[in-house]
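Asker: Would you be able to build a 3D model of this:
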Amino acid sequence: MCLIAFAIGASARWPLLIAANRDEFLDRPTLPLARWKSEAGTEIISGRDLRAGGTWMGLTAAGRIAMLTNVRGPASLTGEKSRGELITRWLDSDGDAASFMAQMEPAAYGGFNLVLGDFNSSVLHWLSNKPGPGLESRALQPGVYGLSNGALDTPWPKTLGLKRALDSALTASSENAVEQELMAALRDRRRADREDLPSTGVPLALEEALSSAFVDFPEHGYGTRCSTVLVASAGQEGWDIALQEVTHSHRTGDVPGAQNVRLRWQT
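Answerer: This is a model prediction of the structure:
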């Protein structure tokens with residue numbers, strides 16, 4: 001993922017909302033959202049990166065969830081391990097965030113933001129290995145948060161825009177209205193004005209291309225590959241989870257694909 005906004009405990013009706021775009025090179029092989037088994041036998045619900053394994057956002061029926069963005073910069077950390085494996089490792093485990101972090105080697109991965117959740121204990125954590133050299137972490141209180149390729153809640157234009165859309169969706173009257181509002185925000189191709197661009201040390205043309213919520217940068221073979229919306233609605237027996245993913249090919253005439261998964265978390 002390269003852009004995520006999420007709300008936790010900010011609405012009694014919608015206790016968890018997530019809107020996210022995954023930006024990636026267009027030729028990187030990927031499987032869409034589905035239920036699949038990890039090597040440890042855990043049923044994971046996510047898309048999959050077929051080059052390095054792992055995923056950018058995943059969850060389990062038991063109530064664990066994780067999502068990831070890379071950290072951008074002129075000299076980003078490089079590592080021998082794929083960042084996507086961090087998500088599958090969390091979903092395979094049953095410990096808390098502190099024990100997970102204690103077993104992690106931050107320098108083994110490129111720069112990342114990682115959000116870990118376990119709704120059996122109603123706890124979410126954000127952690128990052130940038131600026132390093134160790135881990136920065138924070139337990140997340142109820143509220144609305146945004147992540148792109150900087151630290152948590154760095155006020156980049158597209159991050160602020162998606163957070164505003166999420167704030168608005170919290171008052172929506174139906175699940176369908178929430179999904180439509182958030183998917184529309186994730187498809188926003190408007191680029192930021194130059195004076196509002198972040199300065200991450202990459203060339204200006206790249207900074208501009210990456211400044212929209214939906215990235216379309218065909219000359220670089222790069223763009224938004226999928227848009228994901230998770231809507232949790234509160235019920236008497238727990239949370240009903242609706243997960244929708246739309247995949248984008250960036251080829252003229254192609255129709256975006258859509259996958260939907262529903263499950264219930266006993267909270």
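
Asker: What pLDDT is listed against Asp254?
Answerer: Note for Asp254: predicted pLDDT of 72.

Asker: so where's the chain uncertain?
Answerer: Across the chain, residues meeting the criterion (pLDDT under 70) sit at 73-78, 132, 253.

Asker: Helices of that one, residue ranges please.
Answerer: Along the chain, counting by DSSP state H, helices occupy 84-92, 97-102, 157-169, 175-186, 204-209.

Asker: got a list of contacts for the fourth one?
Answerer: So the one you mean is helix 175-186. Among residues not part of helix 175-186, those counted as contacts by C-beta atoms under 8 Å, 6 or more residues apart in numbering are 3, 14, 17, 19-21, 161-162, 165-166, 168-169, 172, 213-214, 224, 227, 229, 231, 233, 242, 244, 246. (Glycine included, C-beta is placed from N, CA and C.)

Asker: Just the angle for it relative to helix 157-169, thanks.
Answerer: Orientation note: helix 175-186 sits at an angle of 170 degrees relative to helix 157-169 (axes from the mean of the first three to the mean of the last three C-alpha atoms, to 10 degrees).

Asker: angle of the top strand by length along the chain against helix 157-169?
Answerer: As far as residue count goes, and with DSSP state E defining each element, the longest strand of the chain is strand 222-235. Taking the same axes, to 10 degrees, one finds strand 222-235 and helix 157-169 inclined to each other by 20 degrees.

Asker: Strand 222-235 pairs with which strands, and in what direction?
Answerer: strand 16-25 (antiparallel), strand 216-217 (antiparallel), strand 238-247 (antiparallel) (DSSP bridges).

Asker: most tightly surrounded among these?
Answerer: With neighbours taken as mean count of other C-beta atoms under 10 Å, those reach their highest mean count in strand 16-25, at a mean of 24.

Asker: Please state the offset of it from the chain centre?
Answerer: Distance of strand 16-25 from its chain centroid, counting by C-alpha atoms, centre = their mean, to the nearest Å, is 4 Å.

Asker: With just CA atoms, put that strand into PDB.
Answerer: Below are the C-alpha coordinates for strand 16-25, written out as PDB (Å, rounded to 0.1, in the frame of the first residue of the first chain):
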ATOM      1  CA  LEU A  16     -13.400   0.300  11.700                       C
ATOM      2  CA  LEU A  17     -13.100   1.800   8.300                       C
ATOM      3  CA  ILE A  18     -10.100   1.400   6.000                       C
ATOM      4  CA  ALA A  19      -9.500   2.900   2.500                       C
ATOM      5  CA  ALA A  20      -6.200   2.100   0.800                       C
ATOM      6  CA  ASN A  21      -4.500   2.200  -2.500                       C
ATOM      7  CA  ARG A  22      -1.600  -0.100  -3.400                       C
ATOM      8  CA  ASP A  23       0.900   1.500  -5.800                       C
ATOM      9  CA  GLU A  24       3.400  -0.700  -7.600                       C
ATOM     10  CA  PHE A  25       5.200  -1.400 -10.900                       C
END
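
Asker: Which residue comes closest to Ser137 once chain neighbours are left out?
Answerer: Nearest-residue entry for Ser137: Leu127, 4.1 Å, with adjacent residues in sequence omitted and distances by C-beta to C-beta, 6 or more residues apart in numbering.
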